[in-house]
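Enquirer: Predicted structure and sequence below. I'll ask about it afterward.
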Amino acid sequence: MEQLSITSNDDVVIVRQKVRAHAIDLGLSLVDQTKVVTAASELARNTLVHAGGGQACIEVVQNGMRRGLRLVFSDNGPGISDLDLALTDGWSSGGGLGLGLSGSRRLVDEFTLDSDPGRGTVVTVTKWTR
Amino acid sequence: MDRVPILKIGDVLLVSIQGDLDDQSVLTLQEDLAERVVATGAVGVIIDITAVEIVDSFVGRMLSTIAGMSRMLDAETIVVGMRPAVAITLVELGLSLGGLRTALDLEKGIALLGRTASAPLDDLSAVGQ
């Protein structure tokens, strides 16, 4: 398990690089590596832009014979009051394209979004080996 | 912060993105390119992303913005060298990059510009001298 803090643009780059290294170690296909690294980039940037920073946790998980890469992005930012709206393609509170959450959900196998307005947000994603 | 070099070849500006750019470098490239398009009167911009392992929504938007901006400054933008895994991921992410012209490699990108640009790319023969 690897814990990274996200406080700058450089940290977003580091998260991408660490996630890629773990995805390669795990034996994810090139397309799946690309998808999970792209999702990590979106979610790490969200943490920085919407909450001013946070944490990324990278973990290898096992489910029977399958192994997977689990990424947890957490912050103590303002949180999300309307989760459905936040997951709508094209909706953005930060002037972006509004694809960070909705798009990264499509790039992974499992996606959970927990948010407590005023206290923070936790996004957990998992990509399984095939 | 890395600054991406912008090369001028005849009437074309060539940008080859190497490695993993942070968001600020991406924005700087966008601004640098706009200035260089005007300063050089370039008719084409080629962005080579052969070495780029992921294109997320931020970089995707930068590519679209550069294309739109260049068009207003009378230059055509072509993105070349997109990896198959990047294309698959971009579509699933929901970025269609409409309006962005692409070519499979640099050679095809230059040929495409040569067909659309009013002035032929005669100066290309000078490359490598």
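Expert: All right, it came through fine. Numbering: from 1, shown residues only, chains lettered A, B, ... in the order given.
Enquirer: what's around B:L33, how many residues?
Expert: Residues lying near B:L33 (other CB atoms under 10 Å in any protein chain shown) number 25. Bear in mind the C-beta positions are built from the backbone N, C-alpha and C, glycine included.
Enquirer: Would you agree it falls within a helix?
Expert: Yes - under DSSP: H, G, I helix; E, B strand; the rest coil, B:L33 sits within a helix.
Enquirer: got a list of what it touches?
Expert: B:6, B:13, B:15, B:45, B:66, B:69-70 (CB atoms under 8 Å, 6 or more residues apart in numbering or on different chains).
Enquirer: try 10 Å this time
Expert: B:4, B:6, B:13, B:15, B:42, B:45, B:47, B:62, B:65-66, B:69-70, B:73, B:75, B:77 (CB atoms under 10 Å, 6 or more residues apart in numbering or on different chains).
Enquirer: Could you do B:R61 as well?
Expert: A:96-97, A:99, B:26, B:30, B:55, B:95, B:97.
Enquirer: Show me what counts as buried in the lowest-mean-pLDDT helix or strand in chain A.
Expert: Taking mean pLDDT, DSSP states H and E as the measure, chain A has helix A:83-86 as its least confident helix or strand, at a mean of 88. Within helix A:83-86, the residues scored as buried using 16 or more other CB atoms under 10 Å in any protein chain shown are A:A86.
Enquirer: Can you spell out which helices and strands pack onto the next helix or strand after that helix?
Expert: From helix A:83-86 onward toward the C-terminus, using DSSP states H and E, the following helix or strand is helix A:100-107. Helix A:100-107 sits against helix A:30-51, helix A:83-86, strand A:110-116, strand A:120-128, helix B:57-72, helix B:84-93, with contacts defined as 3 or more CB pairs under 10 Å, 6 or more residues apart in numbering or on different chains; DSSP states H and E.
Enquirer: one more time with 7 Å, if that's ok
Expert: helix A:30-51, helix B:84-93 (3 or more CB pairs under 7 Å, 6 or more residues apart in numbering or on different chains; DSSP states H and E).
Enquirer: okay, those in JSON lines with mean neighbour count, distance to A:T126 and mean pLDDT next?
Expert: Formatted as JSON lines, these follow (neighbours: other CB atoms under 10 Å in any protein chain shown; distance: least, CB to CB, whole Å; pLDDT from 0 to 100):
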{"stretch": "helix A:30-51", "mean neighbour count": "25", "distance to A:T126": "9", "mean pLDDT": "96"}
{"stretch": "helix B:84-93", "mean neighbour count": "19", "distance to A:T126": "16", "mean pLDDT": "96"}
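Enquirer: low-confidence ranges in the chain?
Expert: Using chain A. Filtered on pLDDT under 70, chain A yields the residue ranges A:95.
Enquirer: could you do chain B instead?
Expert: In chain B, residues with pLDDT under 70: B:1, B:116-129.
Enquirer: can you pull out the strands in it?
Expert: B:6-9, B:12-16, B:44-48, B:76-80, B:101-103 (DSSP state E).
Enquirer: Outside of the fourth one itself, list whatever touches it.
Expert: Under the contact criterion CB atoms under 7 Å, 6 or more residues apart in numbering or on different chains, strand B:76-80 has outside partners B:43-49, B:63, B:66-67, B:70, B:100-103, B:105-106, B:109, B:112-113, B:116-117.
Enquirer: returning to that earlier point: name the member of the contacts of B:R61 with the most neighbours.
Expert: Once you tally neighbours by other CB under 10 Å, B:V55 ends up highest among the contacts of B:R61, having 26 neighbours.
Enquirer: got the phi/psi numbers for that one?
Expert: Main-chain torsions, B:V55, degrees, to the nearest 10: phi -120, psi 110.
Enquirer: how near is it to chain A?
Expert: Distance, B:V55 to chain A, by CB to the nearest CB, to the nearest Å: 7 Å.
Enquirer: what separates the residue lying closest to that residue once chain neighbours are set aside from B:L97, distance-wise?
Expert: Nearest residue to B:V55 in three dimensions, chain neighbours excluded: B:V86, at 5.2 Å (CB to CB, 6 or more residues apart in numbering or on different chains). Distance, B:V86 to B:L97, using CB to CB, to the nearest Å: 11 Å.
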